[in-house]
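1. structure, please.
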Amino acid sequence: MTVTWHLRGFHRHTEFLAVDFEIPQAMLPAVRQLLPGAEEDPDFVDPHEITPDQTARLAEALDLTVDPQLHYYYVESEEDPYVVAARVEAMRARA
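-> This is a model prediction of the structure:
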């Protein structure tokens with residue numbers, strides 16, 4: 001299974017996705033330490049809204065530039081859609 005993790009920012013007024021940074025898998029332990037809710041969902045299956053302070057600390061750890069005044073930020077996971085499609089096709093073939 002191919003999963004990627006992202007720091008995504010949504011515009012505060014339009015609520016559209018404005019920025020999307022992929023989080024390197026090697027940085028996930030550091031991300032989990034910065035987010036108190038990560039203990040209940042260590043794989044970030046559910047999106048985690050993060051505070052402006054958490055966003056700034058996470059951006060510093062990832063060497064990114066963010067604007068918490070302009071965007072709401074979330075840490076989210078995402079499966080590769082091709083992998084998901086292949087799994088669904090394999091399940092159908094077995095049925």
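
2. excluding sequence neighbours, find me the nearest residue to Glu79.
-> Nearest non-adjacent residue to Glu79, counting by CB to CB, 6 or more residues apart in numbering: Val3, 5.4 Å away. Where C-beta positions appear, they are placed from N, C-alpha and C, glycine not excepted.

3. likewise Thr65?
-> Ala59 (6.8 Å).

4. next up, phi/psi of that neighbour, please.
-> phi -60, psi -40 (degrees, to the nearest 10).

5. on the pLDDT front, check the residue nearest to Glu79 for me.
-> Val3 carries a pLDDT value of 76.

6. from Glu15, how far out is it?
-> To Glu15, Val3 is 25 Å away according to CB to CB, to the nearest Å.

7. please apply the same query to Ile23.
-> Ile23 is 22 Å from Glu15, by CB to CB.

8. higher neighbour count, the two?
-> Remark: of Ile23 and Glu15, Ile23 carries more neighbours, 21 against 10, as counted by other CB atoms under 10 Å.

9. low-scoring stretches of this structure, by residue?
-> The chain contains residues with pLDDT under 70 at 1-2, 37-39, 41-46, 80-88, 95.

10. what helix or strand is Asp20 on?
-> strand 17-23 (DSSP states H and E).

11. helices or strands up against that strand?
-> strand 3-11, strand 71-79 (3 or more CB pairs under 8 Å, 6 or more residues apart in numbering; DSSP states H and E).

12. who's in contact with Pro68?
-> 52, 55-56 (CB atoms under 8 Å, 6 or more residues apart in numbering).

13. taking these one by one, which sit in helices?
-> Judged by DSSP state H, helices contain the following of the contacts of Pro68: 52, 55-56.

14. could I get these as JSON lines with distance to Pro68 and neighbour count?
-> JSON lines is the format used below for the ones in helices among the contacts of Pro68 (distance: CB to CB, whole Å; neighbours: other CB atoms under 10 Å):
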{"residue": "Pro52", "distance to Pro68": "4", "neighbour count": "14"}
{"residue": "Thr55", "distance to Pro68": "5", "neighbour count": "23"}
{"residue": "Ala56", "distance to Pro68": "6", "neighbour count": "14"}
